[in-house]
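Undergrad: the sequence isn't on hand, but the structure is:
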C-alpha cells in the first residue's frame, strides 16, 4: 500500500490570499499547502480520500490517471467542493465512480451535485457519474479495509479512517479533529502511523492544535505521527526541529509506503 498526501493545508490553503506573513511568502515548497486529501494505492486500486477545491491541481501534480473509488471524510467545502473535477475520471465508457460516504455527506452530495447521481446520466455527457455507497461500518476495497472512526469536529462529527491491508493495520488518517475521545483512543491504540489534525500551536475551537495532537499521539501510542491540516502559522523549517522524536510535519507530496 502507498499513501500520498495530496494536500496538508487548512481550509484556506497556504499561502492564503492577500497575506504577507513569513510562511505565505515562503519559498520553501513544504510551506505551500493545498487543502487536505490523500491518494491511496494498493495493487491496481487507486482511491482518493476527499475532493478538495484543489483537486484538479492535486491530480495533475501527483499524476493521478484513474480512480476506482472516492472516500469522503465529511461534507465541509474544503473536503468536498471539488467533486465536479472527478468528471475526467468518469469519461467515456467507464462505470459510475464508487463514492463511499456517511449518510450526512451523501445528503450534501445530492444537494450540491444531484446530476452526478442521476440514473440517466450518460457516459458521453462529460459529467461526473457516481454511485454512492453509504457506510455505517468498515468496508473493503480489494485487499484494503477502511475502518471509519467517528471524530468530533466542532458542532459536527466527521470520519477518519484506519486503513488495513490483508488484515494488517497500517495507518490512521484523521484530518479534522477537535479532541480525542475514548472510542477513538481504543480504535487507534498502537497504530503504526497516525496522520492527525495539528492545525497550529494556538488553541482552536474545532481543530486540535499541535500540543493536543502530540498528547493524542502519546495516548494512543502511535508509532510515527504526521501532523496535517496546517495553517500559515506553522513554518515547516522552524517548527519541525521542535517536535518530539517520531513526530513530523506532513507536507504536500509526502509518500508513505507500507510493505505487505
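TA: Noted; the coordinates are in hand. Keep in mind the model is a prediction, meaning the values are calculated, not measured. Numbering: from 1, shown residues only.
Undergrad: strands along the stretch 151-260 of the chain, start to end?
TA: 156-165, 168-174, 193-197, 224-228, 247-249, 255-257 (DSSP state E, counting those that start in this stretch).
Undergrad: which among the ones you listed is found nearest to residue 181?
TA: Among the strands of the stretch 151-260 of the chain, the nearest to residue 181 by CB to CB is strand 156-165 (10.1 Å). In this view, the C-beta of every residue, glycine as well, is placed from N, C-alpha and C.
Undergrad: could you tell me the angle between that closest one and strand 193-197?
TA: For the pair strand 156-165 and strand 193-197, the angle between their directions (axes from the mean of the first three to the mean of the last three CA atoms, to 10 degrees) equals 160 degrees.
Undergrad: just to revisit the earlier point, mean pLDDT, distance to residue 137 and mean neighbour count added to the strands of the stretch 151-260 of the chain, as TSV?
TA: As requested, the strands of the stretch 151-260 of the chain are arranged in TSV below (pLDDT from 0 to 100; distance: least, CB to CB, whole Å; neighbours: other CB atoms under 10 Å):
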stretch	mean pLDDT	distance to residue 137	mean neighbour count
strand 156-165	95	11	21
strand 168-174	97	16	22
strand 193-197	98	21	26
strand 224-228	98	25	23
strand 247-249	98	30	19
strand 255-257	98	25	13
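Undergrad: how close does the residue nearest to the spatial centre of the chain get to residue 5?
TA: Computing the C-alpha centroid of the chain and ranking residues by CA atoms, centre = their mean puts residue 37 first, at 3.4 Å. Separation of residue 37 from residue 5 (CB to CB, to the nearest Å): 8 Å.
Undergrad: how much space between the closest residue to residue 38 other than its chain neighbours and residue 21?
TA: Leaving aside its chain neighbours, residue 38 sits nearest to residue 49 (4.4 Å; criterion: CB to CB, 6 or more residues apart in numbering). Look at residue 49 and residue 21: by CB to CB, they are 29 Å apart.
Undergrad: show me which of those two is the more surrounded one.
TA: residue 49 (25 against 13; other CB atoms under 10 Å).
Undergrad: got the contact list for the more buried one?
TA: For residue 49, the residues meeting the contact criterion (CB atoms under 8 Å, 6 or more residues apart in numbering) are 37, 38, 39, 40, 70, 71, 72, 73, 161, 173.
Undergrad: what's opposite it in the beta bridge?
TA: Here residue 49 sits in beta bridges with residue 38, residue 71, as judged by DSSP bridges.
Undergrad: neighbouring contacts of stretch 95-112?
TA: Contacts to stretch 95-112, defined as CB under 8 Å, 6+ apart, come from residues 67-72, 74-75, 80-81, 83, 86, 89-90, 116-117, 121, 128-136, 139, 146, 148, 159.
Undergrad: what residue ranges in the stretch 1-150 of the chain score low on pLDDT?
TA: Regions of the stretch 1-150 of the chain meeting the criterion pLDDT under 70 cover residues 92-93, 121-125.
Undergrad: show me where it has helices.
TA: Along the stretch 1-150 of the chain, the stretches classed as helices by DSSP state H, counting those that start in this stretch are 55-62, 77-80, 103-112.
Undergrad: can I get those in TSV including mean neighbour count and distance to residue 219?
TA: Supplementary listing: the helices of the stretch 1-150 of the chain in TSV, determined by neighbours: other CB atoms under 10 Å; distance: least, CB to CB, whole Å:
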stretch	mean neighbour count	distance to residue 219
helix 55-62	18	31
helix 77-80	21	25
helix 103-112	16	27
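Undergrad: and of the ones you listed, who's closest to residue 214?
TA: Across the helices of the stretch 1-150 of the chain, closest to residue 214 is helix 77-80 (CB to CB), at 23.6 Å.
Undergrad: list the contacts for the residue of the chain most remote from its centre?
TA: Note on the chain: the largest separation between a C-alpha and the mean C-alpha position, by CA atoms, centre = their mean, falls on residue 120 (30.6 Å). With CB under 8 Å, 6+ apart as the criterion, no residue contacts residue 120.
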